[in-house]
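[1] any chance you can model this:
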Amino acid sequence: MPQDFPKTITQKTQVKFDISTPGLHAISITARCNKTDDLKVEIDDQFFREIPPEKNIQRYDIPLAWNGTRLKGRSQTNIFLLYLETGEHTIIFIPKGNPQVESWSRQQITDSTKIEFNLEQQAENSNRRPWIMIALVDVPLQSITAKASVSWHIFDGDDVKLIIDNNIEKNSQSLLWKNWLWHATPIQIFSGSKKEQKTVAKNLDQGIHYIEFWADRTPTLHSVILDLGNLESNQNQPVSDNTPTVDSPKWTGDFSDDSAQIILARLIFGEARNQSKEAMTGVGWAIKNRVNANKKYFGSSYHDVILKNDGKYWQFSSFIPTDPNYKVLTNPLSSNAKEADKQAWFVSCDIASKIISDLVVDPTDGATFFHSSDLPQEKFVTQSVPGAIFIKRIDDLFFYKDPNEK
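    Below you'll find the predicted structure:
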């Protein structure tokens, strides 16, 4: 942790760091909050929310935030496990009140089948509160193995609860403590502390997963070992010979072969590759907002929305076969592609993935329409989409809400 980094955070604070080797990294942050304090973090442009996603986004009252009402002055350690590319990255601390950030660190993961965190962390004395949280970002989970110690304290004992994606891992050996995978018993007054290692097999698909350890009294969590499987072999397995991928996106002649990420990335790339990441994100969110609206005139999937046409008129100009952008988006990494376009393709894919996974906030506040500055706004709201509700401009793009949402 940088020496000049403030321990008490009263305003949005950024920490930048460089990655020389791309791959899976673990970022660990320990902070504490009093009752009136809260803290959340964003890593690059990724934010974290509740699982499963609700209509109203929760970002402070989630496992991956520090909630002062629950912590009551105690510390909580959050570990974020995610892929990071070579270059500069940013951790953004966003406080309410005066939370304290005690430390942060980063380590690269070399073996995805055995990711070991040697914590040796004893909980501060408290009653049933969040303690150590782990976020898995766009990775699977085969199993989790953890070793903890619990003791008995005259009238009460230590306990540790394990929650994975909102599901409490039950203790099948105890009725009284069925929600606490590790628990102390009165007999330990004589036998002393009890250390146990337990493994939970999950076999969860690639996605966003939250692992929560809750503490009651003063247990010690010695270590946590995660098995994500062999990620490299999994990622290199093609779904089919015809399936376009991020690294091999050439169009097969049928857009139905595209995944949701690829078709959305093509749209972002075709409509906004010369714009900022915020504008590109806005374009992607306009598509997602149409999908979420589930209206017949929009379509109910990314493919429906993006490809919608009547044979004469298309919703998005870059998908018109005669448009100059069409040839580029069907093969964005062709040998003749400009270097800037190649870079924009990978940015588009990253943005598309984060939008689909709800890892980036909507900068348009709910837009479902957009157009470039080449088209006069007056013409758009009177002829193209009569009554469209203007929201904002981002770079050279204007964003609007559906007039039917008045």
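
[2] skipping adjacent residues, who's closest to the residue positioned nearest the centre of the chain in space?
    Central residue of the chain (CA atoms, centre = their mean): Leu359, 3.9 Å from the mean position. Distances taken as CB to CB, 6 or more residues apart in numbering place Gln46 nearest to Leu359, at 4.6 Å, with adjacent residues excluded. For glycine as for every other residue, the C-beta is placed from the backbone atoms N, C-alpha and C.

[3] just the pLDDT for that neighbour.
    Gln46 is assigned 82 on the pLDDT scale.

[4] for it, give me its contacts.
    By CB atoms under 8 Å, 6 or more residues apart in numbering, Gln46 lies in contact with 82, 137, 354, 359-360.

[5] roughly how far does Ser174 sit from Lys308?
    56 Å (CB to CB, to the nearest Å).

[6] give me the more crowded residue out of those two.
    Set side by side, Ser174 and Lys308 show more neighbours around Lys308, with 16 against 13, by other CB atoms under 10 Å.

[7] following element in sequence after the helix or strand of the chain with the lowest mean pLDDT, please.
    None of the helices or strands of the chain scores lower by mean pLDDT, DSSP states H and E than helix 231-236, at a mean of 49. Under the assignment DSSP states H and E, the closest C-terminal helix or strand after helix 231-236 is helix 260-272.

[8] and the average pLDDT for that next one is what?
    96.

[9] so after that helix, what's the next helix or strand?
    According to DSSP H and E, the helix or strand after helix 260-272 is helix 277-293.

[10] which residues touch that next one?
    With CB under 8 Å, 6+ apart as the criterion, helix 277-293 contacts 45, 264, 267-268, 271-273, 275, 298-302, 304-306, 347-348, 351-352, 355-356, 360, 362-364, 366-370, 394-397, 399, 402.

[11] report the angle between that helix and helix 260-272.
    130 degrees (axes from the mean of the first three to the mean of the last three CA atoms, to 10 degrees).

[12] helix or strand next in line after helix 277-293, which one?
    helix 302-307.

[13] show me what the helix or strand that that next one is followed by is packed against.
    Once helix 302-307 ends, the next helix or strand along the chain (criterion: DSSP H and E) is helix 324-330. The contact analysis (3 or more CB pairs under 8 Å, 6 or more residues apart in numbering; DSSP states H and E) places helix 324-330 against helix 260-272.

[14] so what does the helix it packs on touch, helix or strand wise?
    Using 3+ CB pairs under 8 Å, 6+ apart: helix 260-272 touches helix 277-293, helix 302-307, helix 324-330, helix 339-356.

[15] what's the mean pLDDT across the first one?
    What it means is helix 277-293. 95.

[16] may I see the buried residues of it?
    Neighbour counts using 16 or more other CB atoms under 10 Å place 277-291, 293 of helix 277-293 among the buried residues.

[17] with the second one instead?
    Burial within helix 302-307, assessed by neighbour count using 16+ other CB under 10 Å, is assigned to 302-303, 305-307.

[18] for the record, mean pLDDT for it?
    93.

[19] what does it contact?
    Contacts for helix 302-307 (CB under 8 Å, 6+ apart): 255-256, 258, 260, 263-264, 266-267, 287-288, 290-291, 298-299, 315-316, 319, 356.

[20] of these, grab the buried ones for ChimeraX.
    Buried members of those, defined by 16+ other CB under 10 Å, are picked up in ChimeraX with:
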select :255,258,260,263,264,266,267,287,288,290,291,298,299,315,316,319,356
